[in-house]
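Trainee: quick check, what structure comes out for this input:
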Amino acid sequence: MNTQKGKLYLIPTTLGENEPLLVLPLSVKKVIEELDYFIVENQKTARRFIKKITPKKPQPSLILKSIDKYADALEVSTYLDVCENGISVGLLSEAGVPAIADPGAEVVKLAHQKNIQVVPLVGPSSIVLAMMASGMNGQSFTFNGYLPIDVSERKRAIKQLEKLSFEKNQSQIFIETPYRNDKMFADLLASLSPKTDLCIAVDITLESEFIKTCAVEKWKNSIPDLKKRPAIFIIHNT
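Mentor: You can find the predicted model right below:
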């Protein structure tokens, strides 16, 4: 008797410490209730999220596999083997949606290689939500991940993205480690043209949410508090 393969569910989480069902659809809760096998970035925070969204789910029944920076690549390649026995797996993001600015992309790639059905679930993406709220070009934009840490290289990258934005009429999105937000903001003010639009979106979906777009010259008179807050930066030069 042939066993139907299990599926890989891409499970989004909240972007901060708010109630899951304020930003996640009920379908996410229902899928988590049905699964016991999860691939996660951090087991401690994953267990906390699962307990928060499904408090009646017995924790001892959970099987969690890690895809953090210490995970062995050969071991990770076996994580979806259970799907061959009809067991479905949940890929759980640390914040927001899996596989977007997230190590889960390799697991999704593996699922396609193994002909395992991939099921993305609806949830908050800070990148998409920031782009929606920015007022910039939603028809053409690029996510660039992290810019270089070195100051001179970072300033050079900022100028290159500004030039690309002008040439292609394309909004350029990037992120930074929260404790370096202030340095990023300072380099943006120092490197960009005064007329270039800059959107800063922090704490998206939280009560402390702040999203603002204006020209660089106006930002110089309105410096936001970005310390240790998850932030999305978007620039557009026209």
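
Trainee: residues of the helix or strand harbouring residue 159 that come out buried?
Mentor: For residue 159, the element it lies in under DSSP states H and E is helix 151-168. By neighbour count with 16 or more other Cβ atoms under 10 Å, helix 151-168 contains the buried residues 154-155, 157-158, 161-162, 165. The way it works is simple: take the backbone N, C-alpha and C, and place the C-beta from them, glycine included.

Trainee: cool, and stretch 56-73?
Mentor: Across stretch 56-73, burial judged by 16+ other Cβ under 10 Å covers 57, 62, 64-67, 71.

Trainee: equivalent analysis for stretch 117-130, please.
Mentor: 121, 123-130.

Trainee: so which of these belong to helices?
Mentor: Per DSSP state H, helices hold the following members of the buried residues of stretch 117-130: 126-130.

Trainee: next, format those residues as CSV and append pLDDT and distance to residue 36.
Mentor: What follows is these, written out as CSV (pLDDT from 0 to 100; distance: Cβ to Cβ, whole Å):
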residue, pLDDT, distance to residue 36
126, 96, 29
127, 97, 30
128, 97, 30
129, 98, 31
130, 98, 34
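
Trainee: among the buried residues of stretch 56-73, which one lies nearest to residue 146?
Mentor: Within these, the smallest distance to residue 146 is 18.6 Å, found for residue 67 (Cβ to Cβ).

Trainee: residues contacting the closest one?
Mentor: By Cβ atoms under 8 Å, 6 or more residues apart in numbering, the residues touching residue 67 are 39-41, 76, 79, 103-104, 106-107.

Trainee: do the same with residue 181
Mentor: 202, 226-229, 231.

Trainee: now, the most widely separated pair of the buried residues of stretch 117-130?
Mentor: Distance extremes for these: the farthest pair is 121 and 130 at 20.2 Å, using Cβ to Cβ.

Trainee: quick one on the thing from earlier: show me which of the buried residues of stretch 56-73 is closest to residue 237.
Mentor: Nearest member of these to residue 237, counting by Cβ to Cβ, is residue 67, at 36.9 Å.

Trainee: can you report phi and psi for that closest one?
Mentor: Here is the backbone geometry of residue 67 (degrees, to the nearest 10): phi -130, psi 40.

Trainee: per-residue pLDDT of it, please?
Mentor: pLDDT, residue 67: 90.

Trainee: now it: closest residue in space, sequence neighbours ignored.
Mentor: residue 103 (5.1 Å; Cβ to Cβ, 6 or more residues apart in numbering).

Trainee: and if you look at residue 157?
Mentor: Once flanking residues are discounted, residue 157 sits nearest to residue 147: 4.7 Å by Cβ to Cβ, 6+ apart.

Trainee: let me know the pLDDT of that neighbour.
Mentor: At residue 147, the pLDDT value in this model is 97.

Trainee: still on that earlier bit, mind putting the buried residues of stretch 117-130 into TSV with distance to residue 186?
Mentor: Listed next are the buried residues of stretch 117-130 as TSV, based on distance: Cβ to Cβ, whole Å:
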residue	distance to residue 186
121	38
123	33
124	28
125	27
126	22
127	23
128	27
129	25
130	20
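
Trainee: between these, which is closest to residue 173?
Mentor: Out of the buried residues of stretch 117-130, the member with the shortest distance to residue 173 (by Cβ to Cβ) is residue 127, at 6.1 Å.

Trainee: I figured the closest one hits residue 100, correct?
Mentor: Yes. With contact defined as Cβ atoms under 8 Å, residue 127 reaches residue 100; the gap is 6.5 Å.

Trainee: give the residues shared as contacts by these two.
Mentor: Common neighbours of residue 127 and residue 100, using Cβ under 8 Å, 6+ apart, are residue 143.

Trainee: just to revisit the earlier point, what sits against the residue nearest to residue 67?
Mentor: Counting by Cβ under 8 Å, 6+ apart, residue 103 has contacts 41, 67-69.
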